[in-house]
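Engineer: how would this look folded up:
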Amino acid sequence: MEPLAEENQKLKEAINLLERHTQRARCERDLAESNARDLEHQKRVLSKQLATVKEQLQSKSEQLATASTQLKDASKHLEQLQKVSEQKKEQDVELGQLRQALEQLREEKAKETERASKLAEELNGDYSLFGVMVEVTSSLDGTL
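Structural biologist: Residues are numbered from 1 along each chain as shown. Below you'll find the predicted structure:
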């Protein structure tokens, strides 16, 4: 019986080994299934996060497009303001020139007024003499 007992012992060991392998395989299968469930859950979470990020990016893209349009409009407005500013500077230069010309005219007018006053004073003295000459001349003609 010894050979049968040895054979039995070997078979029992083989069965034990087979059961341990089976148990290990079940554990590995359970672990693999658990990992697969975890991966599916992570996939769903990441998909939701991706969808949220995509929406945020679309929103940011729209905001950037709006901001770009506003910047273009502001740039055009700034160009117009620069043109107006240049025109104003040119007008300021012209106004300065006109003020200088006006000041020169005032000075000339003051000089002419002074000359006219002097002439009037001179003529006042001469008119009285002229008036006497006219009276004398006209009385001689008999026109007065």
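Engineer: make it CA atoms for all contacts and neighbour counts henceforth
Structural biologist: OK.
Engineer: Please report the distance of residue 57 from residue 47.
Structural biologist: As judged by CA to CA, to the nearest Å, residue 57 and residue 47 stand 15 Å apart.
Engineer: Where does pLDDT dip in the protein?
Structural biologist: 1, 125-144 (pLDDT under 70).
Engineer: what do you get if the cut-off is 90, keeping everything else the same?
Structural biologist: For the chain, applying pLDDT under 90 flags the ranges 1-7, 116-144.
Engineer: residue ranges of the strands in it, please?
Structural biologist: Counting by DSSP state E, one finds no strands in the chain.
Engineer: which residues does the residue nearest in space to the middle of it contact?
Structural biologist: By CA atoms, centre = their mean, the chain has its centre lying nearest to residue 71, at 4.8 Å. For residue 71, the contact set (CA atoms under 8 Å, 6 or more residues apart in numbering) is empty.
Engineer: Show the contacting residues for residue 55.
Structural biologist: Not one residue lies near residue 55 by CA under 8 Å, 6+ apart.
Engineer: From residue 66, how far off is it?
Structural biologist: The spacing between residue 55 and residue 66, counted by CA to CA, is 17 Å.
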